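Peer 1: Sequence plus predicted model, see below.
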Amino acid sequence: MIFWLEAFASFLLLTGGVFILIGALGMVKLPDFYTRLHAPTKATTLGIGCILVASVMLHALRGEGLSIQELVISLFLFITAPVSAYMVAKAALQRRTPFKEGTVNEEMSKDILVRRAPKG
Amino acid sequence: MLKKLFPMPLHSVLLLIVWLLLNDLSVGHLVLGLILAISIPWVAAPLSDPHARVKKPLHALRYILMVLGDIVVSNFEVAGRILRSNKHLKPGLIALPLDLTGHFPLAVLASTISLTPGTVSVDFSEDMKWLYIHALHVDDEHSLIERIKTRYEAPLREIFAC
């Protein structure tokens, strides 16, 4: 029983690691600033989630009791990640960071800059 | 009098719980946590403004579970997009027309959109009637807008009854 639980925890740790690695890869290879913004806020949420669940499981298996701190970490992560993504995206627009060529509705960035309703 | 002493009772309780979760459960931390839980609302209460409250907690719980499920599913999607070639990537900006009103419900919607992989909320229009979104991959603009409206905005309007 314990073996299978530990195996499951290792599986979670590995999957989490893979997702975080993919998130980091995305930071390197995605074409422009705005698409790179997606990598750390996204592919990593599941990665961190997996690792935290595994951590809770392993602590419980060792008889150290149920540690809730991991849950608090993921809660804070879920609250802060969208806010920082929003601030960073806004700042990038204000600095006129260029979009990847062929971005759909690129001209909309002018509407966003002055916060008016989209034209057309 | 009681209202003056505890301007934000729910926040006080939450602060105390989080403090105890982050530290060990001991008398010292209980006292320190209590002091913080009572004094922080004194400073924070004047800064808060009245906002929409959750009217249907059960719906809210279902919404949270649904979003968690979506996060898992779309993480795979984004991971796939990152691993494939950039040539197939078609990022784009989208303007989402809003029926939802109120700062707090709108903040929840914008955060949900940012948390679910593939989309990041960029900004609101000044009149709060449009939410601009950057999407990692736009296949069909209208179906994406429709999906966000039915999957996230409609339940939020029910939860906050607005």
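Peer 2: Okay, I see it.
Peer 1: in chain B, what residue is nearest chain A?
Peer 2: Residue nearest to chain A within chain B: residue B:92 (2.7 Å; Cβ to the nearest Cβ). All C-beta spots, glycine's among them, are computed from the backbone N, C-alpha and C.
Peer 1: Quick check: beta-bridge partners of that residue?
Peer 2: residue A:104, residue B:135 (DSSP bridges).
Peer 1: quick one, longest helix in chain B?
Peer 2: The longest helix of chain B (DSSP state H) is helix B:57-83.
Peer 1: For the residue positioned nearest the centre of chain B, which non-adjacent residue is spatially closest?
Peer 2: Central residue of chain B (Cα atoms, centre = their mean): residue B:108, 3.3 Å from the mean position. Closest residue to residue B:108 apart from its sequence neighbours, by Cβ to Cβ, 6 or more residues apart in numbering or on different chains: residue B:156 at 6.2 Å.
Peer 1: Who are the packing partners of the strand or helix carrying that neighbour?
Peer 2: In the assignment (DSSP states H and E), residue B:156 maps to helix B:154-160. In terms of contacts (3 or more Cβ pairs under 8 Å, 6 or more residues apart in numbering or on different chains; DSSP states H and E), helix B:154-160 is packed against helix B:57-83, helix B:103-115.
Peer 1: Mean pLDDT added to the ones you listed, as TSV?
Peer 2: Below are the helices and strands packed on helix B:154-160 laid out as TSV (pLDDT from 0 to 100):
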stretch	mean pLDDT
helix B:57-83	87
helix B:103-115	88
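Peer 1: Now do the helix or strand bottoming out on mean pLDDT in chain B: distance to the chain's middle.
Peer 2: Lowest on mean pLDDT, DSSP states H and E among the helices and strands of chain B sits helix B:2-5, with a mean of 73. Here helix B:2-5 is found 29 Å from its chain centre; the criterion is Cα atoms, centre = their mean, to the nearest Å.
Peer 1: Show me how far the helix or strand following it is from its chain's centre.
Peer 2: The C-terminal neighbour of helix B:2-5 among helices and strands, as given by DSSP H and E, is helix B:9-22. Offset of helix B:9-22 from its chain centre (Cα atoms, centre = their mean): 20 Å.
Peer 1: The next helix-or-strand element following helix B:9-22 near chain A anywhere?
Peer 2: Toward the C-terminus, helix B:9-22 is succeeded by helix B:27-44 as the next helix or strand (DSSP H and E). No. Counting by Cβ under 8 Å from any Cβ of the partner chain, chain A has no neighbours in helix B:27-44; the shortest distance is 13.4 Å.
Peer 1: Contact partners for the residue in chain A positioned nearest to chain B?
Peer 2: Nearest residue of chain A to chain B: residue A:104, at 2.7 Å (Cβ to the nearest Cβ). For residue A:104, the contacting residues are B:90, B:91, B:92, B:93, B:94, B:138, B:141, by Cβ atoms under 8 Å, 6 or more residues apart in numbering or on different chains.
Peer 1: Alright, that wraps it up for me.
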